[in-house]
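Chemist: Here you go, sequence then predicted model.
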Amino acid sequence: MAKRKQSEVGSSKRQSTPSGRGKTKSKPRQRSPQLVHKTRAADDAMWNQPGVQAAAHAMHPGQFVTQHVAPLFFGRTRPGSGKHLTFAREDLFWAECEKLPFKTVQLNGFRLSDWFPRAPGIFWSHHGRRAREYSGRYHERVEDPELGLIVNPHAKMSLIEEGGMGTIRLRPRCIENTDCWFGTGVVGPQCAGGIPLAIPDALMQENSLVWGSSVELSGQVRYLQDVGLDETAYAVRYARPLLVLVEELKVIKDRQPKESIVVSPVVLFDTGQDWRERVGHYDIYGGMRYTFVQCAADGDTTTDIAAAWLERYATKHGGRVITNFDEQRPIMADAPLSYQRLVRKTYDRTIIEHLHMNGGKLADHIDHITMEHAMSVSVTLGDGNVIQGDFVVANSIRDSFNRVAESNSNAKLKKLLVQLSSQVGTLIKHLDAERAEAIARDLETLTKEATSAKPRRKWWELSVQGLKDAATAVRDVGKPVLETLKLLLPVLNSASPGP
């Protein structure tokens, strides 16, 4: 394929026959650097705007799965040292990535996002640029009456597998005995092309840091992981798998962002069509496809809308979602290869073995993941109750409490839901990690449905049953939850009549 492309490029040299002379070859036409820059900017424009909804066939889903699980190994790093370098743009950082390991860098005027590139560095690599260039020029738009406008990129290189598109959100971890948040520093709009950061929680608190703020920071460049995972190194083969472990940080208070940071939640889904076709160096898996949404990183509501669209798209095409994109919040946590199930070791191992050439070896590495480095937090609810425990669970319960407190529900319903949220917060310390996460999801669903204009009975009934089962399992400790649910049921029934 590469040789054919070279011959096509070489054949573009035209021959001219000036008057009164023999045939001579004219010089090949070259575009100026300014024109190349403008063309690339135009090709990237689509992928720098929120609202784009896209889908593509999976050429190499095994590689996607490798990139998907790689972040679970983050947290093991080697110390850095060396020369101090300054950067004002993310593309300049990645252009120098070969020289950066173990050096100290300063990033000036970057905005911070709590999202993280799914495959760090690939976005600005040569392959990433080419993938976006092809997909930006050769694509079709389909107006779906239910799903809206969908872009189907037709590219010789996959936008997802080769182009570095896609962002995820990771839970905090302990690095070298320091609780750290994973985020991204960006100057442009696209988070997928940003610089991965590990920010100590102490610096976050000291600077009262809010995601989206503009900052100046400095830190050491580290490798993302040091676990001997050959497949992961292969997956990030067009760039160095790097992050900056932040040591100093200053918020630029007088700088207001002009535009939202764009994130790209992406999922792999299976339509059940079990066939393969060899195309060049790739295996096309007939049943495996990607779908992703470009959206602004403006809060959980935007993310929930994006997730709902991804699930609707997969369902409409007769598929089931295989992966999710958020480790902080339990979005699509029941997917066979969700981050939550990978960590709990309840994932579907057969999918990895089917899609990945060394799937058994990769699954063995996943089975050795330990969450002992996960950050535990203390969260205070509006009634003064303090929840201590897993980051995801504690924050999910706080979100449920706040959702109810800020709702316009009637006083009785509101009082009971607030009371229930606080009681569930007390209950989680008596549950194992899996059950605590499940009860937090049930509470989230219940509070969303109960405070909506038209509560869906089937949804809140399932959530109530899940809360009952968890409370019953811990006997006396769970009695307050059971008593509140008993009072809550008649109120919910009156709010959502019918089957």
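Modeler: Perfect, I can see it now. Numbering: from 1, shown residues only.
Chemist: distance of the nearest residue to Met288 once chain neighbours are set aside from Phe401?
Modeler: Nearest non-adjacent residue to Met288, counting by Cβ to Cβ, 6 or more residues apart in numbering: Ala58, 3.7 Å away. Every C-beta, even on glycine, is put in place using the N, C-alpha and C of the backbone. According to Cβ to Cβ, to the nearest Å, Ala58 stands 40 Å off from Phe401.
Chemist: residue contacts, Ser213?
Modeler: Residues in contact with Ser213 (Cβ atoms under 8 Å, 6 or more residues apart in numbering) are Arg111, Leu112, Val251, Ile252.
Chemist: what about the last one, how many residues close to it?
Modeler: It refers to Ile252. 14 (other Cβ atoms under 10 Å).
Chemist: For it, grab phi and psi.
Modeler: For Ile252, the backbone dihedrals (degrees, to the nearest 10) come out as phi -90, psi 100.
Chemist: who's the residue lying closest to it once chain neighbours are set aside bridged to?
Modeler: For Ile252, ignoring the flanking residues on the chain, the nearest one in space by Cβ to Cβ, 6+ apart is Ser214 at 4.3 Å. Beta-bridge partners recorded for Ser214 (DSSP bridges): Arg111.
Chemist: so Ser463 makes contact with Ile439?
Modeler: No. Using Cβ atoms under 8 Å, Ser463 is not in contact with Ile439, being 9.5 Å away.
Chemist: which one of the two has more residues nearby?
Modeler: Shown here are Ser463 and Ile439; by other Cβ under 10 Å, Ile439 has more neighbours (26 against 21).
Chemist: how close does that one get to Leu342?
Modeler: Ile439 sits 20 Å away from Leu342, going by Cβ to Cβ.
Chemist: cool, Leu431 as well?
Modeler: Remark: distance between Leu431 and Leu342 (Cβ to Cβ) = 20 Å.
Chemist: do the same with His126
Modeler: Remark: distance between His126 and Leu342 (Cβ to Cβ) = 31 Å.
Chemist: Look at those two and report which has more neighbours.
Modeler: Set His126 next to Leu342 and count neighbours by other Cβ under 10 Å: Leu342 wins out with 24 against 10.
Chemist: Surely that one is in a helix?
Modeler: Yes. Judged by DSSP: H, G, I helix; E, B strand; the rest coil, Leu342 forms part of a helix.
Chemist: That one and Val418: what is the separation?
Modeler: For Leu342, the distance to Val418 (Cβ to Cβ) stands at 34 Å.
Chemist: now swap in Ser407 and tell me
Modeler: Distance of Ser407 to Val418, computed by Cβ to Cβ: 10 Å.
Chemist: neighbour count winner among those two?
Modeler: Applying other Cβ under 10 Å to Ser407 and Val418 shows that Val418 carries more neighbours, namely 22 against 17.
Chemist: Tell me which residues touch the more buried one, please.
Modeler: So Val418 contacts Gly382, Asp383, Phe401, Val404, Ala405 (Cβ under 8 Å, 6+ apart).
Chemist: give me the number of residues near the last one?
Modeler: Neighbouring residues of Ala405 were enumerated by other Cβ under 10 Å; the total is 15.
Chemist: Show the model's pLDDT score for it.
Modeler: At Ala405, the model reports a pLDDT of 90.
Chemist: Compute the distance between it and Leu85, please.
Modeler: Distance of Ala405 to Leu85, computed by Cβ to Cβ: 47 Å.
Chemist: Likewise for the second one?
Modeler: Asp383 sits 49 Å away from Leu85, taking Cβ to Cβ as the criterion.
Chemist: Which of those two has more residues huddled nearby?
Modeler: More crowded of Asp383 and Leu85, by other Cβ under 10 Å: Leu85, with 17 against 12.
Chemist: Wait, that one touches Lys103, no?
Modeler: Yes. Between Leu85 and Lys103 there is a contact under Cβ under 8 Å: 6.0 Å.
Chemist: Quick test: name the residue nearest the centre of this structure.
Modeler: By Cα atoms, centre = their mean, the mean C-alpha position of the chain lies nearest to Ile168, the distance being 1.3 Å.
Chemist: Which strand residues bridge it?
Modeler: The partner residues for Ile168, given DSSP bridges, come to Phe116.
Chemist: ok now do Leu242, which residues does it touch?
Modeler: Cys97, Leu100, Pro101, Pro120, Gly121, Pro196, Val221, Arg222, Tyr223, Leu224.
Chemist: quick one: Pro330 is in a helix?
Modeler: No. Pro330 is assigned coil when assessed by three-state DSSP, not a helix.
Chemist: Apart from its neighbours in sequence, what residue is nearest it?
Modeler: Spatial nearest neighbour of Pro330, excluding adjacent residues (Cβ to Cβ, 6+ apart): Arg441 at 4.9 Å.
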